[in-house]
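just need the structure, nothing else, for what follows:
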Amino acid sequence: MDLNSAQASPVLTDPSPLNKSRLGIHSSLFPYSQSGPSFSTSVLSIPRKKPAKLDDVRSNGWLDAMKSSSPPRKKIQKDVNIDVSSDDADVNYLSWMIKYPSALNCFQQIMRQARNKQIVIFLDYDGTLSPIVDDPDRAFMSNEMRSVVSNVAKYFPTTIISGRRRDKVYELVGLTELYYAGSHGMDIMLPIKNTLSANDSNCIKDTDQQGKEVNLFQPARKFLSMIDEVFKTLVEKTKDIKGAKVEHHKFCASVHYRNVDENNWSLIAQYVHDVLKDYPRLRLTHGRKVLEVRPDIDWDKGKAVEFLLKSLGFSNPRDVLPIYIGDDRTDEDAFKVLRGKYEGYGILVSTTPKESNASFSLKDTSQVKMFLECLAKTMEVDDI
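Reported below is the predicted structural model:
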């Protein structure tokens, strides 16, 4: 059967909130320099052709999910102390922090848990290392943050796991001493010394920017042409909606509606819904004012974390303390994995209360920077 022509309903994720020896890293981890294309739509605000059934996206909960995953932006204090101020007027946030205490306030507790273990760091990019901005192409991390991340990587194996293309997030970060996993962990680059099974069709050999041989792990390789088709279709479908933007992240396609009038969110949702009807092997996930189309495979950021820990030689939970810092719904899979057999720590970056699988919280990127600085300084003191 032709997968692209099948008329089954798209697979949806649950839009409701969630309930309940150091390793030396070498410069062989250069991702590709090419960046995936992104398209901004035209200035016309009225689409030439409306989708057929707006009731579809209302009845299946897409609109509710779009609103719940896109809380209004709050102005927050830039100069944050490690101790949360008692003058903070947000009582709900303070109550929420009883369940998800500040990772800064609990830093010594985390370090005690890390005793005689190798800390391994996993970081999301958008909203974690860089602030959320209206234009995703301008989500730049500060030079200070880049320096801190570089210092952390001197002492701990450090990976950035992003929904962006792997080469794009590398372009934004620009640090060769890190591991990079793009497309929500569906595109992982490892040095050639990490031997992968030659019989695994998801593993291929490639070269980095300096011509060095590397291993790529890509569990969704067979979906590449399908994602290309969907990307092109979504660009065409949404081109007349003012503010809409479609990005190609290699193994997934993202439709941003941050700059779209809320009255047109239903049009965005319906166009994506109608396109997915023709691709039953793809599914939809919700992020911060973004709809993401990705392969419907048993793979997520949690699976990527497990794969990386095993590949780096840290599969024994007694020897490792993994820490994952992220702000998005897609990071919850990683939080859940770490909270399980690894007894590691997920740290949610959020200015608003939300249910999570994380153990701790940080309020914004400035607190992420402070936490990473504490990690690096702890090791620097040990070296003296």
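
so where's this protein shaky on pLDDT?
Within the chain, the segments meeting pLDDT under 70 span 1-60, 69-89, 193-199, 208-210, 381-384.

which helix of the chain spans the most residues?
Longest helix in the chain by number of residues (criterion: DSSP state H): helix 365-383.

which parts of it are buried?
365, 366, 367, 368, 369, 370, 371, 372, 373, 374, 375, 376 (16 or more other CB atoms under 10 Å). No exception for glycine: its C-beta is placed from N, CA and C like everyone else's.

list the contacts of the fifth one.
When you say that, I think you mean residue 369. 144, 145, 148 (CB atoms under 8 Å, 6 or more residues apart in numbering).

so where does residue 308 fall, helix or strand?
For residue 308, the element it lies in under DSSP states H and E is helix 301-311.

could you list the buried residues of that helix?
Of all the residues in helix 301-311, those buried under the rule 16+ other CB under 10 Å are 301, 302, 303, 304, 305, 306, 307, 308, 309, 311.

how far away is the first one from residue 97?
When CB to CB, to the nearest Å is the yardstick, residue 301 and residue 97 sit 24 Å from each other.

which parts of the stretch 151-300 of the chain are helices?
With helices called from DSSP state H, counting those that start in this stretch, the stretch 151-300 of the chain shows them at 166-173, 224-238, 265-276.

and residue 152, what does it touch?
Residue 152 is in contact with 121, 158, 372, 375, 376, counting by CB under 8 Å, 6+ apart.

repeat for residue 331
Residue 331 makes contacts with 124, 301, 324, 346, 348, as judged by CB under 8 Å, 6+ apart.

look up how far residue 181 lies from the second one.
In this structure, residue 301 lies at 8 Å from residue 181, with CB to CB as the measure.

mutual contacts of those two, please.
Residues touching both residue 301 and residue 181 by CB under 8 Å, 6+ apart: residue 161.

circling back: for residue 360, which of the helices of the stretch 151-300 of the chain is the nearest?
helix 166-173 (23.4 Å; CB to CB).

quick check: end-to-end length of stretch 347-363?
The first and last residues of stretch 347-363 sit 10 Å apart, counting by CA to CA, to the nearest Å.

right, I mislabeled it, should have said stretch 361-368
Stretch 361-368 has an end-to-end distance of 10 Å (criterion: CA to CA).

residues making contact with that stretch?
Applying CB under 8 Å, 6+ apart, the contact partners of stretch 361-368 are 76, 78, 80, 96-97, 100-104, 127-131, 145, 325, 347-351, 371.

same check on stretch 304-313?
For stretch 304-313, contacts defined as CB under 8 Å, 6+ apart pick out 23, 120, 122, 157, 159, 161, 179, 181, 184-186, 188, 190, 194, 196, 217, 315, 320, 322, 324, 334, 337-338, 342.

for that stretch, the distance to its chain's centre please.
Stretch 304-313 sits 17 Å away from the centroid of its parent chain (CA atoms, centre = their mean, to the nearest Å).

repeat that for stretch 225-232.
Worked out by CA atoms, centre = their mean, stretch 225-232 lies 21 Å from the chain centre.

show me the contacts for the most centrally placed residue in the chain.
Geometric centre of the chain, nearest residue: residue 162, 3.7 Å, by CA atoms, centre = their mean. When contacts are counted by CB under 8 Å, 6+ apart, residue 162 touches 124, 125, 126, 169, 180, 181, 182, 184.

would CSV of those residues with distance to residue 330 and neighbour count be doable?
What follows is the contacts of residue 162, written out as CSV (distance: CB to CB, whole Å; neighbours: other CB atoms under 10 Å):
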residue, distance to residue 330, neighbour count
124, 8, 24
125, 12, 23
126, 11, 24
169, 14, 26
180, 16, 26
181, 12, 25
182, 12, 29
184, 6, 28
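
nearest to residue 153, of those?
Within the contacts of residue 162, the smallest distance to residue 153 is 11.8 Å, found for residue 180 (CB to CB).

any idea what that closest one is bridged to?
Beta bridges link residue 180 to residue 160, judged by DSSP bridges.

am I right that it is in contact with residue 171?
No - using CB atoms under 8 Å, residue 180 makes no contact with residue 171, being 10.2 Å away.

rewinding a little: could you dump the contacts of residue 369 to a markdown table with secondary structure?
Output for the contacts of residue 369, formatted as a markdown table (DSSP: H, G, I helix; E, B strand; the rest coil):
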| residue | secondary structure |
| --- | --- |
| 144 | helix |
| 145 | helix |
| 148 | helix |
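
by neighbours, which of the residues you listed wins?
When those are compared by neighbour count (other CB atoms under 10 Å), residue 148 ends up highest, at 22 neighbours.

so that one makes contact with residue 373?
Yes - the criterion here is CB under 8 Å, and residue 148 meets it with residue 373 at 5.4 Å.

contacts only, for residue 151.
By CB under 8 Å, 6+ apart, the neighbours of residue 151 are 372, 373, 376.

next: residue 228.
Counting by CB under 8 Å, 6+ apart, residue 228 has contacts residue 248.

buried residues, the helix or strand hosting residue 65. List them.
Using DSSP H and E, residue 65 maps to helix 62-68. Across helix 62-68, burial judged by 16+ other CB under 10 Å covers 62, 63, 65, 66.

closest to residue 115 among these?
Of all these, residue 115 sits closest to residue 65, with 41.5 Å by CB to CB.

how near is that closest one to residue 284?
9 Å.

returning to that earlier point: how about CSV for the contacts of residue 369, with distance to residue 108 added?
Below are the contacts of residue 369 laid out as CSV (distance: CB to CB, whole Å):
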residue, distance to residue 108
144, 24
145, 23
148, 19
